[in-house]
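Novice: Structure of the sequence below:
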Amino acid sequence: MKFMDTILYVLCFCFFPSNIDYMKNQLKSLSMCFNWEREVTTCKPDYYRWTQSIFVRLFEAGLAYQKEGLVNWDPVDQTVLASEQVDEDGCSWRSGAKVEQKVLRQWYLKMTQYSKSLLDGLEDLKHWPDGIKSAQAHFIGDCSGCSFSFTLQLPGIDTDLPVYVSNPELIFGVSYILISPTHTLLKSESLLHSVQPDVRNALDEIDSKQLDITLGVSAIHPFTKQPIPLIASGTHSFPEYVEQYAGIPSVFEEDQVFADQHGFNSTIVIDKDNRLINSDEFTGMNRAEAKEAVMQKAREQGIGGHMTSQRQCDWLISRQRYWGAPIPIIHCKNCKAVPVPINQLPVELPKLATLTDKGKSALQQIPEWYNTTCPKCGEPSQREMDTMDTFVDSSWYYLRFTDPHNEQEEFNREIANSLMPVDLYIGGKEHAILHLLKARFISHFLHSQGLIEHKEPFKRLLVHSLVMGPSYMLPSTGQYVTKEEIDFSGNEPVEKVSKEKLIIKFEKMSKSKHNGVDPIDAIAEHGIDTMRLFILSGVPPQSNMMWNVDSIAGIIRWKNKMWQLISRHIKLKKDSKSNDSVDKDKDLQILKKKNTAIKEVSKQYIDNYKLSIAITRLITLTKVLGSVPDTVSMSSVEYEDALASLCVMLAPMAPHIASEMWQGLASVAEPSSKYQWDKTVLEQNWPVLEEYSTEDMIKVFIKVNRNTKGYVMVPRHLRDNQDEIQKLVDKSDLGKSYLNGRTFTKVVFTSKVNYRRMKFVS
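Specialist: This next block holds a predicted model:
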């Protein structure tokens, strides 16, 4: 085995699992709390078996098809790229190479059939950012018309040409079809071999001379079955992403001018009363009635009729690379494309000894794999040798999470329906179209098949930005250098060998730019909680974070202050004698600050997800508590309650230090109805806002069989009214927890200056 072939073998069968394990360890090292029992691995046969099953469902529903298409070609990886995988500079997102255009026969999923459903569904996504919904709506376009399939008359080839018609009811008036100079057909060998030599020569000058070229090829009208002339037009103004146009001269003046110039006949399809004529069974209908009727018949005949926009395209899923799920199709000379039976899935990727012939599917090297028999007729046939875009795998994994070990079907419907839709989906903004729209498409499809109740898979969406790292580039070559190759001793960093000054930029972390950070290394230097708080404290998730570890000192100082607060409180409680004095003014101040923190922090956790703001509020609460005198710290239950609230609100972000702080606090804390001191901080109820009154209040401490259970605040003017105080105590949360339903032999009421005691004795 050649050295490079060995590398590819190791990459596909050894590197992927080891890389997954390494990334899992990174997440675990950050104490991320995931249910690993529901982990799925999309590159394993036990997962992509069901991706292939969904493909078969799509194929049987007429939504998976193969055609020639002009594709984005990566000349380095030698494979197809989706439009979203090409950056703004026209380069591949994976290899960085300049993307080329190439005509290949590819597999597509008919997303355009669900355009209207996807567009309308955005109205139901009340908790999605408006910007993301607008981006998807713009990508889909205005779904006011529909496409119809015209059949091209090419020798020996049965090829459909989808043509968008903005007014479907006028389909019987189509007299010609224009295609743009960039249309895939004009690069298709099958078409170019069918046209005359002078037409081929003219096509070379179509742009420069703005020619309209009648190709001598017709497209068969889907309803009338009459031939419609096809013209490559350099004069027509095609909107962006639109490459064909159906001319209806009898209705549109510009179309009539074009038809007159080129000698095309026109059919009048609208009378003076705005009703259809010359339109078969639709004649006599008004336009609104006819529109629905025409689309309905087109859908029944499988020739279009689904509302879509003129700009949206179907989803190209073919890839000419080794990784990815094999497309479960068998090509038979008699039966054409036949899906692999469900009971024969998965079609597994075979192991390769070598990997050659870039630009063709690697699976072409294994005849014993691709040579097979047709499931229908039993004749010798061949498997499809393209693999699926890995985004097909990730377009439905949220459903597999609900039932990850099911070996009988993709997922159990009852289980999926009980857990879906996803409450909160967190993802990068670069996937707003690349992933989210395709995931919605698959969900809408599965809903239409009766497999799930909800059309929309994600109820709430949190779109995060990127962590940007400093990169260093040589101006002379554009090459990025590593930190080990840089001399930082001067005022400006220079490359060690050439002494050339470097261009410094904050860019998306990337291996090629040598600006990534391994969390394991950062944790080893600073600790888990410090890194978690540092990452969360920088900026809101919607903004890019400039990675600058020098600013971590502020987080370390805050952690130290919190630790000192708890340590001081423990020492004061242990060293001081019991002190029943209460500073009601200080308590009220602490209560107000605690309430403010609870309100703001809860809002960020539950609604806004801006945890940097939550951290700021906790830092403020820490400062307030740090300013409290020792006399208050050692005796104030309100102060102790605020410390407990601080620990509980900190715990989701910094669970380790919060747990340690909680354990220390619990060792000296007074009994409380709000917290369970014998349990961990992560098992506590979330702090709630407490009502307070400007009226002078006193505390009534509750003891049950000599054990203090907490206190209840009551107005001072009731200090001598035992009956009223007992009523308030009974109604309180503390009373409900410890008094209701119990029988006591006596109740002792003790009156002090600033507080009262009620002792309940069994």
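Novice: contact partners of stretch 284-292?
Specialist: 167-169, 270, 274-277, 279, 282, 293 (Cβ atoms under 8 Å, 6 or more residues apart in numbering). For the C-beta atoms, the positions are set from N, CA and C on the backbone; glycine is no exception.
Novice: Going along the chain, name the helices of the stretch 501-650 of the chain.
Specialist: Taking DSSP state H, counting those that start in this stretch as the test, the helices found in the stretch 501-650 of the chain are 519-526, 528-537, 553-575, 584-603, 611-626, 630-635, 637-650.
Novice: now these as CSV including distance to Ala416, mean neighbour count and mean pLDDT?
Specialist: Shown next, in CSV, are the helices of the stretch 501-650 of the chain (distance: least, Cβ to Cβ, whole Å; neighbours: other Cβ atoms under 10 Å; pLDDT from 0 to 100):
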stretch, distance to Ala416, mean neighbour count, mean pLDDT
helix 519-526, 33, 14, 87
helix 528-537, 32, 22, 93
helix 553-575, 41, 16, 94
helix 584-603, 31, 18, 91
helix 611-626, 30, 19, 96
helix 630-635, 52, 18, 86
helix 637-650, 34, 24, 96
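Novice: Could you dump those helices into TSV with distance to Ser147 added?
Specialist: Converted to TSV, the helices of the stretch 501-650 of the chain look like this (distance: least, Cβ to Cβ, whole Å):
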stretch	distance to Ser147
helix 519-526	48
helix 528-537	47
helix 553-575	56
helix 584-603	46
helix 611-626	46
helix 630-635	73
helix 637-650	54
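Novice: For the protein, which element, helix or strand, carries the lowest mean pLDDT?
Specialist: Every helix and strand of the chain was ranked by mean pLDDT, DSSP states H and E. The lowest is helix 3-10, at a mean of 32.
Novice: Of all the helices of the stretch 501-650 of the chain, which one is nearest Trp662?
Specialist: helix 637-650 (4.6 Å; Cβ to Cβ).
Novice: Tell me what angle that closest one forms with helix 611-626.
Specialist: 160 degrees (axes from the mean of the first three to the mean of the last three Cα atoms, to 10 degrees).
Novice: ok, and the most crowded of the contacts of stretch 284-292?
Specialist: Comparing the contacts of stretch 284-292 by number of neighbours (other Cβ atoms under 10 Å), Leu276 comes first, having 25 neighbours.
Novice: ok, it touching Ile268?
Specialist: No: using Cβ atoms under 8 Å, Leu276 makes no contact with Ile268, being 10.2 Å away.
Novice: OK, contacts around the closest residue to Trp128 other than its chain neighbours?
Specialist: In space, not counting the residues next to it along the chain, Trp128 is nearest to Leu461; the distance is 4.5 Å by Cβ to Cβ, 6 or more residues apart in numbering. Applying Cβ under 8 Å, 6+ apart to Leu461 gives the contacts 125, 127-129, 132, 424-425, 427, 436.
Novice: Let me have the residues you listed in a markdown table, adding distance to Lys709 and secondary structure as columns.
Specialist: Conversion of those to a markdown table gives the following (distance: Cβ to Cβ, whole Å; DSSP: H, G, I helix; E, B strand; the rest coil):
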| residue | distance to Lys709 | secondary structure |
| --- | --- | --- |
| Leu125 | 47 | coil |
| His127 | 41 | strand |
| Trp128 | 47 | coil |
| Pro129 | 47 | coil |
| Ile132 | 50 | helix |
| Leu424 | 38 | strand |
| Tyr425 | 43 | strand |
| Gly427 | 47 | strand |
| Leu436 | 51 | helix |
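Novice: now, among those, which is nearest to Asp550?
Specialist: Taking the contacts of Leu461 together and measuring to Asp550 by Cβ to Cβ, the closest member is Gly427, at 29.5 Å.
Novice: Is the closest one bridged to anything, and to what?
Specialist: Gly427 has these beta-bridge partners by DSSP bridges: Val463.
Novice: okay, now it: neighbour count?
Specialist: Neighbours around Gly427, by other Cβ under 10 Å: 17.
Novice: Touching, it and Val463? I think so.
Specialist: Yes: in this structure Gly427 lies within contact range of Val463 using Cβ under 8 Å: 6.6 Å.
Novice: now Asp630: how far from Asn608?
Specialist: When distance is defined by Cβ to Cβ, to the nearest Å, Asp630 is 37 Å away from Asn608.
Novice: I meant to write Thr596 there.
Specialist: Counting by Cβ to Cβ, the gap from Thr596 to Asn608 is 16 Å.
Novice: and what of Ser309?
Specialist: 34 Å.
Novice: Which one of those two is surrounded by more residues?
Specialist: The neighbour comparison of Ser309 against Asn608 (other Cβ under 10 Å) goes to Ser309, with 24 against 15.
Novice: Just to check, that one is in contact with Ser115?
Specialist: Yes: assessed by Cβ under 8 Å, Ser309 is found in contact with Ser115 at 6.0 Å.
Novice: Identify the contacts common to these two.
Specialist: Contacts common to Ser309 and Ser115, judged by Cβ under 8 Å, 6+ apart, are 140-141, 143.
Novice: Just give me the closest of the residues you listed to Pro155.
Specialist: Gly141 (34.8 Å).
Novice: Now do the same contact list for that closest one.
Specialist: Neighbours of Gly141 in contact, by Cβ under 8 Å, 6+ apart: 115, 308-312.
Novice: And the strands in the stretch 1-150 of the chain, which stretches?
Specialist: 64-74, 79-81, 100-109, 145-154 (DSSP state E, counting those that start in this stretch).
Novice: Make a markdown table out of these and add distance to Val242.
Specialist: Below are those laid out as a markdown table (distance: least, Cβ to Cβ, whole Å):
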| stretch | distance to Val242 |
| --- | --- |
| strand 64-74 | 14 |
| strand 79-81 | 21 |
| strand 100-109 | 17 |
| strand 145-154 | 11 |
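Novice: Please tabulate those strands in JSON lines and include mean neighbour count and distance to Gln676 as additional columns.
Specialist: Formatted as JSON lines, those follow (neighbours: other Cβ atoms under 10 Å; distance: least, Cβ to Cβ, whole Å):
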{"stretch": "strand 64-74", "mean neighbour count": "20", "distance to Gln676": "56"}
{"stretch": "strand 79-81", "mean neighbour count": "23", "distance to Gln676": "55"}
{"stretch": "strand 100-109", "mean neighbour count": "17", "distance to Gln676": "53"}
{"stretch": "strand 145-154", "mean neighbour count": "22", "distance to Gln676": "62"}
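Novice: between those strands, which has the poorest average model confidence?
Specialist: Sorting those by mean pLDDT places strand 79-81 lowest, at a mean of 79.
Novice: List the contacts of that one.
Specialist: Against strand 79-81 from outside (Cβ under 8 Å, 6+ apart): 71-74, 92-94, 99, 104, 106, 316, 318-321.
Novice: just those residues now: which is nearest Ile725?
Specialist: Checking these against Ile725 by Cβ to Cβ gives Trp93 as the nearest, at 70.2 Å.
Novice: where does the closest residue to the closest one other than its chain neighbours sit relative to Pro540, distance-wise?
Specialist: Among residues not flanking Trp93 along the chain, Gln85 sits closest, at 4.8 Å (Cβ to Cβ, 6+ apart). Gln85 sits 28 Å away from Pro540, going by Cβ to Cβ.
Novice: and if you look at Val729?
Specialist: Counting by Cβ to Cβ, the gap from Val729 to Pro540 is 44 Å.
Novice: ok, now Leu618?
Specialist: 16 Å.
Novice: what do you get for Ala644?
Specialist: 28 Å.
Novice: First residue to last residue on stretch 206-217, what's the distance there?
Specialist: 17 Å (Cα to Cα, to the nearest Å).
Novice: What sits closest to Gly69 if chain neighbours are left out?
Specialist: Gln106 (5.0 Å).
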